[in-house]
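Undergrad: below are the sequence and a predicted model; questions follow.
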Amino acid sequence: MNKILIIISISISILQGVDPATISNHKLRTVLENTSRSSQKVFVEDFTGLQ
């Protein structure tokens, strides 16, 4: 029974991993909010290749 609980808890923790894109978006949002508060300008380029 204990082995089953350990396996289930490990599998749940692995499935709840955070997406790296979400982390990057959060960092970008934080930078933009901070620069907006301090009245600075930020230039952002999109490198997705879409036209």
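TA: Yes, it's here.

Undergrad: so which strand or helix has D46?
TA: For D46, there is no helix or strand it lies in under DSSP states H and E.

Undergrad: can you give me the neighbour number for it?
TA: Using other C-beta atoms under 10 Å, the number of residues around D46 comes to 6. Using the backbone N, CA and C atoms, a C-beta is placed for each residue, glycine as well.

Undergrad: with I7 instead?
TA: Per other C-beta under 10 Å, the neighbour tally for I7 reads 10.

Undergrad: and the helix or strand containing it, how far from the chain's centre?
TA: In the assignment (DSSP H and E), I7 maps to helix 2-15. Chain-centre distance of helix 2-15: 24 Å, with C-alpha atoms, centre = their mean, to the nearest Å.

Undergrad: centroid-nearest residue for the chain?
TA: Nearest to the geometric centre of the chain sits I23, at 1.7 Å (C-alpha atoms, centre = their mean).

Undergrad: got a list of contacts for the helix ranked longest in the chain?
TA: Assignment by DSSP state H gives helix 20-37 as the longest helix of the chain. Contacts with helix 20-37, where a contact means C-beta atoms under 8 Å, 6 or more residues apart in numbering, come from 41-42, 44.

Undergrad: helices or strands next to the helix or strand of the chain with the lowest mean pLDDT in the packing?
TA: Taking mean pLDDT, DSSP states H and E as the measure, the helix or strand of the chain with the lowest value is helix 2-15, at a mean of 76. Contacts defined by 3 or more C-beta pairs under 8 Å, 6 or more residues apart in numbering; DSSP states H and E place helix 2-15 against no helix or strand at all.

Undergrad: helix, strand or coil for F43?
TA: coil (DSSP: H, G, I helix; E, B strand; the rest coil).

Undergrad: quick check, pLDDT for it.
TA: On the pLDDT scale, F43 is placed at 79.
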